[in-house]
Every structure is written in C-alpha cells, then in structure tokens.
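Participant: give me a 3D structure for the following:
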Amino acid sequence: QVQLVESGGGLVQAGGSLRLSCAASGRTDSTYAMGWFRQSPGKEREFVGRIRRSDSTTLYADGVKGRFTISGDNAKKTMYLQMNSLQPEDTAVYYCAAVPNSRRLWDSRTRSAYDSWGQGTQVTVSS
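Facilitator: Modelled structure (predicted):
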C-alpha cells in the first residue's frame, strides 16, 4: 500500500478556484492509478476523477467535467486536482486514493478499486 496525504483545501467563494495536492509515499511503484473522491454530509462518497500513472490519461465524473482537472508529477509522487468555477454543491471532504496494479482491471469509478486512502481535506464553497 501507499500512504497518501491531501492538502490545499479551504474556503472559497462561488466561482473561485482551489488546487488540491495529494502526496504519495511508500510502494508507489505498485500504483496503477490515483483518484479523487468527495463526500458531503449525509451523502455517499462519490467519484470525482482519476489519472492513470502510466500515460496520465484521465477520467472524470460528469458533474465536474470541464471544471476540474487532474494532473500528476511522478517525480514528486504528487497528484493535483485543479478546481475551477466552484459551486456550493462542490462543498465536501475531498479524498485521494490509489488503485494498485492488482486491481487495474477494476472499475476505477468505484471505491472498491482503491486500496489506499488519504485522510481527506475540507473544501467549502460559499454562495
């Protein structure tokens, strides 16, 4: 497994931007992809997007397409989530997670594909 630490959350006004970071350590060479999820109070944790480590291809949830961008820096072992045009409904705790190579054929939009999780970082968007 890998250890993941998110940072960059905070309070922003609607229409603003934030960039989250996820720093990885440990067995990062066994990681197939990394993803972002979010969870609002009373709701299930939902998929935001993911990036594949080998070729940096990305996949996004419909609700964030065109507003959020995931990128990665393999040398720094860090993944980023650039969030633009934020809306109050984007308010949530954001988690980064890692898909191990052994689960590379699993659906990376589902929580079960991920075996390592960060502690989360709060993003609050005010109206």
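Participant: going forward, measure contacts between C-alpha atoms and count neighbours the same way
Facilitator: Fine.
Participant: ok, now which ones touch the closest residue to Thr28 other than its chain neighbours?
Facilitator: Setting aside the residues directly before and after it, Thr28 is nearest to Val2 in space (CA to CA, 6 or more residues apart in numbering), at 5.9 Å. Counting by CA atoms under 8 Å, 6 or more residues apart in numbering, Val2 makes contact with Ala24, Ser25, Gly26, Arg27, Thr28, Ala98, Ser116.
Participant: Lys76 versus the first one, what's the distance?
Facilitator: Translated: Ala24. When distances are taken as CA to CA, to the nearest Å, Ala24 and Lys76 turn out to be 9 Å apart.
Participant: so between the two, which is more surrounded?
Facilitator: Ala24 (22 against 10; other CA atoms under 10 Å).
Participant: beta-bridge partners for the more buried one, please?
Facilitator: Beta-bridge pairing of Ala24 under DSSP bridges involves Leu4.
Participant: which pLDDT value belongs to Gly50?
Facilitator: Not quite, residue 50 is Arg, not Gly. We have a pLDDT of 98 for Arg50.
Participant: please name the bridge partners of it.
Facilitator: With DSSP bridges applied, Arg50 shows beta-bridge pairing to Gly35, Leu59.
Participant: Glu46 now?
Facilitator: On the basis of DSSP bridges, Glu46 is bridged to Arg38.
Participant: now do the contacts for it.
Facilitator: Contacts here follow CA under 8 Å, 6+ apart; on that basis Glu46 touches Phe37, Arg38, Gln39.
Participant: any idea how far Tyr80 is from it?
Facilitator: Distance check for Glu46 against Tyr80: by CA to CA, it reads 18 Å.
Participant: same thing with Thr31?
Facilitator: When distance is defined by CA to CA, Thr31 is 16 Å away from Tyr80.
Participant: again, but for Leu86
Facilitator: 16 Å.
Participant: mind listing what the one residue sitting closest to the centre of the chain touches?
Facilitator: Among the residues of the chain, Trp36 comes closest to the average C-alpha position under CA atoms, centre = their mean, at 1.8 Å. Taking CA under 8 Å, 6+ apart as the contact definition, Trp36 lies against Phe47, Val48, Gly49, Arg50, Leu81, Tyr94, Tyr95, Cys96, Ala97.
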